[in-house]
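Asks: Quick one, structure for this:
(one chain, ligands or ions: 1)
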Amino acid sequence: MRFEGLWFRYGRRADWTLQAVDASVEPGQTVVVLGRNGAGKSTLLQLAAGVLRPSRGAVRDRPPVVGWVPERFPADQPFTAGDYLHRMALVRGHDPSQADEWIERLLLADHTGTRLSDLSKGTAQKVGLAQALIARPGLLILDEPWEGLDAVARTLIPGIVAEVTAAGGMVLLSDHRGETARIPGAIHWQVADATLAPAPPPPAPARDEVVIEVAVRRADADEAVVRLRAQGHAVLGVREAGR
Ligand SMILES: Nc1ncnc2c1ncn2[C@@H]1O[C@H](COP(=O)(O)OP(=O)(O)OP(=O)(O)O)[C@@H](O)[C@H]1O
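Replies: Next up, the predicted model:
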């Protein structure tokens, strides 16, 4: 996928949010878009997703199946979480049961009967992530996944990214806090002053570590991840017991 001479502004008289962006993403590649708040990361991601149209220039060779997880999932919709995900599977030409894999993997089973508008922000964000993954995207776009998702879901992101890229898909994600240092093999772009430039990855801290496997009750999982993180430990993953 290529961004060719891409310019974008939100109104005819507005300042340019992005100017003369030329860049490409290869199949199997992960790109982390860095930049301070308001730099234009979400705008670039929405142009990549086709949600926004460039003012000038074009996005070429966008894969046909795009999964886009906006920074805030629009939860003001009249469905339960389960209904919504099953319908999204149908809309995308799949059997509704295709949604069940993601309902299970994202630990959403207890929430399928809850209306979207009654979900906590973190759970609604997981529904947003599930809908993007149902159709096996050739391009997965995650806007600040470290902001909206709960602690357990965040630990699942590197594995999900790796699955998409291993299948030849591309992943584009924004990260204004530099949390994505642990996504192996990702390339980095920096958005600043309305322009895009390649950037070195943020340095990962040097560590002398061992890996400990711990089983916790499902209901305590989120709190355990938060506590471990707060104590400075790196939570590498969360999986169903017995897998
Ligand atoms: N719908 C809109 N209409 C007008 N201006 C907008 C709109 N959306 C974003 N902007 C402006 O465009 C600029 C870039 O916003 P964008 O959301 O792309 O930044 P960002 O790097 O993703 O920031 P954040 O990390 O806060 O989401 C900001 O100045 C923002 O205020």
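Asks: residue boundaries of the helices in the protein?
Replies: Ranges of helices in the chain, per DSSP state H, are 41-49, 81-91, 98-105, 121-133, 145-148, 151-166, 221-230.
Asks: What residues does this structure have near the ligand?
Replies: 10, 17, 35, 37-43, 71, 176 (Cβ under 6 Å from any ligand atom). Where C-beta positions appear, they are placed from N, C-alpha and C, glycine not excepted.
Asks: go again using 8 Å as the cut-off
Replies: Contacts of the chain with the ligand, taken as Cβ under 8 Å from any ligand atom, map to 10-11, 14, 17, 35-46, 71, 143-144, 174, 176, 191.
Asks: Let me have the helices of the chain in a markdown table, adding distance to Arg115, mean pLDDT and mean neighbour count as columns.
Replies: Shown next, in a markdown table, are these (distance: least, Cβ to Cβ, whole Å; pLDDT from 0 to 100; neighbours: other Cβ atoms under 10 Å):
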| stretch | distance to Arg115 | mean pLDDT | mean neighbour count |
| --- | --- | --- | --- |
| helix 41-49 | 26 | 97 | 23 |
| helix 81-91 | 8 | 96 | 19 |
| helix 98-105 | 16 | 94 | 19 |
| helix 121-133 | 10 | 94 | 23 |
| helix 145-148 | 19 | 82 | 19 |
| helix 151-166 | 20 | 89 | 18 |
| helix 221-230 | 21 | 83 | 15 |
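Asks: Same list (the ones you listed) but as CSV, adding distance to Glu209.
Replies: Converted to CSV, the helices of the chain look like this (distance: least, Cβ to Cβ, whole Å):
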stretch, distance to Glu209
helix 41-49, 30
helix 81-91, 36
helix 98-105, 26
helix 121-133, 27
helix 145-148, 21
helix 151-166, 16
helix 221-230, 13
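Asks: closest to Glu26 out of these?
Replies: Set against Glu26 and scored by Cβ to Cβ, the helices of the chain come closest in helix 151-166, at 10.0 Å.
Asks: What sits closest to the spatially most central residue of the chain if chain neighbours are left out?
Replies: With distances taken as Cα atoms, centre = their mean, the residue of the chain nearest its centroid is Leu142 (2.2 Å). Excluding the flanking residues, the one nearest Leu142 by Cβ to Cβ, 6 or more residues apart in numbering is Leu173, at 4.0 Å.
Asks: can you count the residues close to the one you found?
Replies: 24 (other Cβ atoms under 10 Å).
Asks: re the thing from before, distance of the residue nearest to the centre of the chain relative to Ala219?
Replies: Going from Leu142 to Ala219 by Cβ to Cβ, to the nearest Å gives 26 Å.
Asks: Low-confidence stretches in this protein?
Replies: 180-182, 202-206, 243 (pLDDT under 70).
Asks: This protein: strands as residue ranges?
Replies: Here the chain has its strands, by DSSP state E, at 2-8, 18-24, 30-34, 56-60, 66-69, 139-142, 170-174, 187-192, 195-199.
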